[in-house]
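Colleague: What follows is a predicted structure for the sequence shown.
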Amino acid sequence: MNQRISAPSTEILREIHQAGVEIIVRFNSLLKLGRLYSVKNVLFQEQLGLLYKRIKDNCQEEEATLKIREGTFFFRNVRLRFIFANYPAFKTVLQELTKREVAVISFLPELTESELETFIACLLKAEGYNQLLAGLDEAQIVHIQIEKGTERTSLTGKKEKDRATARIYFSSLLHLKDAFEAEDPHQALRLNTTRRLMQALFTHIVDNEAFVFGLTNIKNFDEYTLNHSINVCLLSIALGRRLGLDRNELIELGISAFFHDFGKIETPKEILDKPAKLEPHERAVIEKHPYHGAGTLALWREIKGIPLRAIHVAMEHHIKEDLSGYPQTFKKRPPHLFSKIVKIVDYFDAITTKRVYRPRAFTREEALSLMMDQGDKEFHPLLLRIFIQMMGFYPIGSVVALNTGEIGLVVETNPDPALTLRPKVKIIADKNGQRIDGPVVDLAEKDPISQRYLRTIVKGLDPEKYNIRPADYFMASTLA
Ligand SMILES: [Fe+2]
Ligand SMILES: [Fe+2]
């Protein structure tokens, strides 16, 4: 490969990268320590000394800059890549600096250790850029220069955050793929990595839930079990959060959900992907996957530290609330809470995904309706209600497409929690898409003969896309 003589060698770039990462990590420790102790504290001084040395080594001849661009750090123009272990430090420092609109920090060769100390103290005190600048001026800090970020930084920060979330999503996918495809899965599974990924996923769910939900719409046809496992994992964590489970429980729930279908490794692909209805003997093979999964996980429990609950989940996620389902064991007992959570999420993700044998998947709204209609025999009623609220609740003013082809505007929610998805809507467009001033209909209304609902929400619509201004209708009704 042609390399320009003047370009720094890979070795040098690597050193700069290493220094940059260490600077961020130490900077993070100092911000933390600075909040707890005075800057004269021994621990603070120790970290400060180390940070100072690192910076000094890098600004001997010319200034060294730490820049934030599009939510990413650059140290001496080298892009800093985080690894999972230092991700929290990157995130905190990035947040702290962006909050104060600092986009560039330049360290000049004459920098002194006491200047660095004062700089951090000023940063901790300042709430915004101007306050920080005033603090630095007052303390006469001249060998550290800061520059303000433009509006763009904060806008693209969101994009970068989404990108980081997507990155964790795909890393988890690859990790699971390794475990699924390895010749010897005993060798392949690195549970420490799984745990770390779960922690990262958890952080992203807390931070960026809407985007994470968006990611669960990734339904790759070929890699069904992989995508499905991650989606089930993400939605289970999100549901667990709403139940008030603590962080450690959520991580265990994540791991359990992640491996719920692990037994499918042993199901022949021809059966898993059979484009037609399964014969009874084939169904029997599929229905073995809970056994296989629980068996493998149990085998690993000792060596790898698989949580006991993951074994329960693998075994019980197809058991229904009325204890029917599979596998049927000699002694019936109610499944573990985690299994009930995974059961709901698993069912939802499965029916909203297109498969060779199911060319049309349910929309989110149809799936939730179907699940609700199945009642308490299939799912735990309270968990299901919370799940439905999490996934799809139509507040007043939402615009919805109905299975009749009409478009409606939600004007009144249904007070019965079991009928959350059946509000009253005003019909605003007919079957042909013609805008009309239609009646208000109750979606809980059934046909008296067939006992079927007359209308069901198929999906939510983006009012803007359809050029609908919900406010107009509400205004009109107040004037009427
Ligand atoms: Fe399953
Ligand atoms: Fe599943």
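Modeller: Here it is on my side, so go on. Ligands and ions are numbered 1, 2, ... in the order given.
Colleague: and the residue in the stretch 301-450 of the chain that ligand 2 sits nearest to, how many neighbours does it have?
Modeller: Nearest to ligand 2 in the stretch 301-450 of the chain, going by C-beta to the ion, is Asp346, at a distance of 4.1 Å. Just so you know, the C-beta spots here come from the backbone N, C-alpha and C atoms, and that holds for glycine as well. If you count neighbours by other C-beta atoms under 10 Å, Asp346 ends up with 23.
Colleague: Isn't it up against Leu235?
Modeller: No - contact criterion C-beta atoms under 8 Å: Asp346 and Leu235 do not qualify, at 9.1 Å.
Colleague: Now the element after the strand or helix carrying Val232, going C-ward?
Modeller: With secondary structure defined by DSSP states H and E, Val232 is part of helix 224-242. Downstream of helix 224-242, the next assigned helix or strand under DSSP H and E is helix 247-258.
Colleague: from the chain's centre, how far out does that following helix sit?
Modeller: 13 Å (C-alpha atoms, centre = their mean, to the nearest Å).
Colleague: hey, C-alpha coordinates of the helix or strand following it in PDB?
Modeller: Downstream of helix 247-258, the first helix or strand assigned by DSSP H and E is helix 269-272. This file holds the C-alpha atoms of helix 269-272, laid out as PDB (Å, rounded to 0.1, in the frame of the first residue of the first chain):
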ATOM      1  CA  LYS A 269     -33.600 -25.900   9.600                       C
ATOM      2  CA  GLU A 270     -35.900 -27.700   7.200                       C
ATOM      3  CA  ILE A 271     -38.500 -27.900   9.900                       C
ATOM      4  CA  LEU A 272     -37.800 -24.400  11.300                       C
END
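Colleague: Any part of helix 269-272 near ligand 2?
Modeller: No - counting by C-beta under 5 Å from the ion, no contacts exist between helix 269-272 and ligand 2, the nearest distance being 11.2 Å.
Colleague: now for that helix, which elements pack on it?
Modeller: helix 280-286 (3 or more C-beta pairs under 8 Å, 6 or more residues apart in numbering; DSSP states H and E).
Colleague: Give me the contacts around the helix it packs on.
Modeller: Under the contact criterion C-beta atoms under 8 Å, 6 or more residues apart in numbering, helix 280-286 has outside partners Thr267, Pro268, Ile271, Leu272, Lys274, Leu278.
Colleague: and the gap between the first one and ligand 2?
Modeller: Read that as Thr267. Distance, Thr267 to ligand 2, by C-beta to the ion, to the nearest Å: 12 Å.
Colleague: Gly71 too?
Modeller: 34 Å.
Colleague: chain center to stretch 358-369: distance?
Modeller: 22 Å.
Colleague: what about that stretch, how long is it end to end?
Modeller: 18 Å (C-alpha to C-alpha, to the nearest Å).
Colleague: got the residues of the stretch 51-200 of the chain near ligand 2?
Modeller: When proximity is defined by C-beta under 5 Å from the ion, the stretch 51-200 of the chain lies next to ligand 2 nowhere.
Colleague: now the helices for the stretch 51-200 of the chain?
Modeller: 87-99, 113-125, 129-138, 151-181, 185-188, 191-207 (DSSP state H, counting those that start in this stretch).
Colleague: Touching the second one from outside, list them.
Modeller: By that I understand helix 113-125. Helix 113-125 is contacted from outside by 27, 30-31, 34-35, 39, 48-49, 51-52, 55, 96, 100, 131-132, 135-136, 139, 141-144, using C-beta under 8 Å, 6+ apart.
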